[in-house]
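1. need a 3D model of the sequence below.
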Amino acid sequence: MDTNPPPRDRYLSAMLLSAAGDALGYRNQRWEYCPSGPQIHRELQELGGLKSIRASLPDWPVSDDTVLHLATGEGLATGKLQDELYHELARRYVAAMSDMEGRKPGPTSILGTSQLRPGEPGGYRIPFNPSGTGCGAAMRAMCIGLRFPRPSELPLLVAVSVESGKMTHNHPTGYLGSLASALFTSLSVQGVPLELWGSRLLETLPLALRYVRDTETDVQPHLDSWGYLQQSWERYLSERGLLRGSGPPVFTSSYGAAERDVEYARWSLDGWAGRSGHDAPMIAYDALLSAGDSWEELCNRAAFHGGDSDSTGVIAGCCWGARHGLSGVPKGNYAELEYRQRLENVADSLYTLAWGAP
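-> Numbering: from 1, shown residues only. Alright, predicted model coming up:
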């Protein structure tokens, strides 16, 4: 049996809270580049706490994460599929790079978009990149799960998340992060228990591998680099007691901001938590597992930590919004967001494409 339509406002909250998680974790460059979660939490209290923050310009812009997430969402909102969609996404990613002043796009996203040639045969594909392991594909892919939310649409979700991810991060650790973010958002919409998400990701990886084998002209570099994300997730899920998809998750008794910094850095590829395609969705997932229905606790864990805090915040915020809506979220965190109207338009269009008219 396929999924029943969720309330339309869940799509709105997913898009708005993805941008809120981004803006809060970014804090106009200040917190994304802060290595200390405890320092961020001290500064947050000096601001009066989360409830006192009005996430609006000029102090709380969205980062490159939301600009590129919007590019994905607005491309999907055209209703195009397959090659037409991929060229549309490539065109929008290239155009989005003109809106990066003060947003700190990653070097791999900059390089990847410079290599795209939308409209030309094969122009949405770039060469394999041995260094394309970053989170830039993962942090813009959540809305793919809003567009293709049904279990029966999993092959489409795999294809679109992999192809869109490869447009800048053509390395399995990069583009499988895109798959993870899209899949987790679709599972949010479906109402699948959180404890199952990690095992569902592992179950989906063979579908992604089959897709890459079927579509790549030179598949060997992908095969050589394939195992890292899967092995990282298997270790994480084993530590949480969730490898077989049963719960509850296991957490240490002391898991405050300092302890989370240590854990998150331990999962990372290079010591900068959330920077890579495997650990940005992982940190977001870890925060979702432990935050329950508390937006404040989600932000504490996903957006206010040492490392790439906006990229983990944008993923977690989208999934949390799709599950919980806006209830309990301080209005100031989302009411005056930069690009709010575009976020609302994308939410409305994707809901209509996914589920039809209300």
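2. residue contacts, residue 19?
-> Residue 19 makes contacts with 62, 66, 69, 314, 317, 334, 337, 338, 339, 340, 343, as judged by CB atoms under 8 Å, 6 or more residues apart in numbering. (C-beta placed from N, C-alpha, C; glycine too.)
3. give me the mean pLDDT for stretch 68-84.
-> Stretch 68-84 shows a mean pLDDT of 98 in the predicted model.
4. from the chain's centre, how far out does that stretch sit?
-> Remark: stretch 68-84 is offset 16 Å from the chain centroid, using CA atoms, centre = their mean, to the nearest Å.
5. before we move on, what about stretch 57-76?
-> Offset of stretch 57-76 from its chain centre (CA atoms, centre = their mean): 12 Å.
6. go on, stretch 311-327?
-> For stretch 311-327, the distance to the chain centre is 10 Å (CA atoms, centre = their mean).
7. name the residues of it that are buried.
-> Buried residues in stretch 311-327, counted by 16 or more other CB atoms under 10 Å: 311-326.
8. likewise for stretch 119-134?
-> 123, 124, 125, 126, 128, 129, 132, 133, 134.
9. so the third one sits against residue 166, correct?
-> Yes: Residue 125 is within contact range of residue 166, at 6.9 Å (criterion: CB atoms under 8 Å).
10. which members of the contacts of residue 19 are positioned in helices?
-> Among these, DSSP state H puts 66, 69, 314, 317, 340, 343 in helices.
11. any weak-confidence spans in this structure?
-> Counting by pLDDT under 70, the ranges of the chain that qualify are 1, 358.
12. sorry, back to before: what's the closest of the buried residues of stretch 119-134 to residue 258?
-> Nearest to residue 258 among the buried residues of stretch 119-134 is residue 134, at 25.4 Å by CB to CB.
13. can I get the contacts of residue 19 in CSV including distance to residue 297?
-> Listed next are the contacts of residue 19 as CSV, based on distance: CB to CB, whole Å:
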residue, distance to residue 297
62, 22
66, 22
69, 23
314, 17
317, 13
334, 17
337, 21
338, 25
339, 26
340, 24
343, 23
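14. from the residues you listed, which single one is nearest residue 194?
-> Closest to residue 194, out of all of the contacts of residue 19 and judged by CB to CB, is residue 317, at 15.2 Å.
15. now do the helices in the stretch 51-200 of the chain.
-> With helices called from DSSP state H, counting those that start in this stretch, the stretch 51-200 of the chain shows them at 64-76, 82-96, 107-115, 142-147, 154-166, 172-190, 197-215.
16. and the shortest one, what does it pack onto?
-> For helix 142-147, the helices and strands in contact under the criterion 3 or more CB pairs under 8 Å, 6 or more residues apart in numbering; DSSP states H and E are helix 8-26, helix 64-76, helix 154-166, helix 172-190, helix 309-324, helix 340-355.
17. again, only this time at 7 Å
-> helix 8-26, helix 64-76, helix 154-166, helix 172-190, helix 340-355 (3 or more CB pairs under 7 Å, 6 or more residues apart in numbering; DSSP states H and E).
18. would CSV of these with distance to residue 43 be doable?
-> Below are the helices and strands packed on helix 142-147 laid out as CSV (distance: least, CB to CB, whole Å):
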stretch, distance to residue 43
helix 8-26, 12
helix 64-76, 21
helix 154-166, 33
helix 172-190, 28
helix 340-355, 25
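19. nearest to residue 44, of those?
-> helix 8-26 (9.1 Å).
20. check the gap between the closest residue to residue 54 other than its chain neighbours and residue 123 for me.
-> Excluding its sequence neighbours, the residue lying closest to residue 54 (CB to CB, 6 or more residues apart in numbering) is residue 332, at 4.1 Å. From residue 332 across to residue 123, the span is 42 Å (CB to CB, to the nearest Å).
21. again with residue 236
-> Taken as CB to CB, the span from residue 236 to residue 123 is 36 Å.
22. also residue 164?
-> Counting by CB to CB - residue 164 and residue 123 are separated by 14 Å.
23. neighbours of residue 296, just the number please.
-> Residue 296: 16 surrounding residues under other CB atoms under 10 Å.
24. what residues of the helix or strand harbouring it count as buried?
-> Using DSSP states H and E, residue 296 falls within helix 295-302. Residues 295, 296, 298, 299, 300, 301, 302 are the ones in helix 295-302 that count as buried (16+ other CB under 10 Å).
25. so who does the last one touch?
-> Residue 302 makes contact with 21, 283, 284, 287, 312, 313, 316 under the criterion CB atoms under 7 Å, 6 or more residues apart in numbering.
26. go on, the fourth one?
-> Neighbouring residues of residue 299 by CB under 7 Å, 6+ apart: 21, 24, 50, 313.
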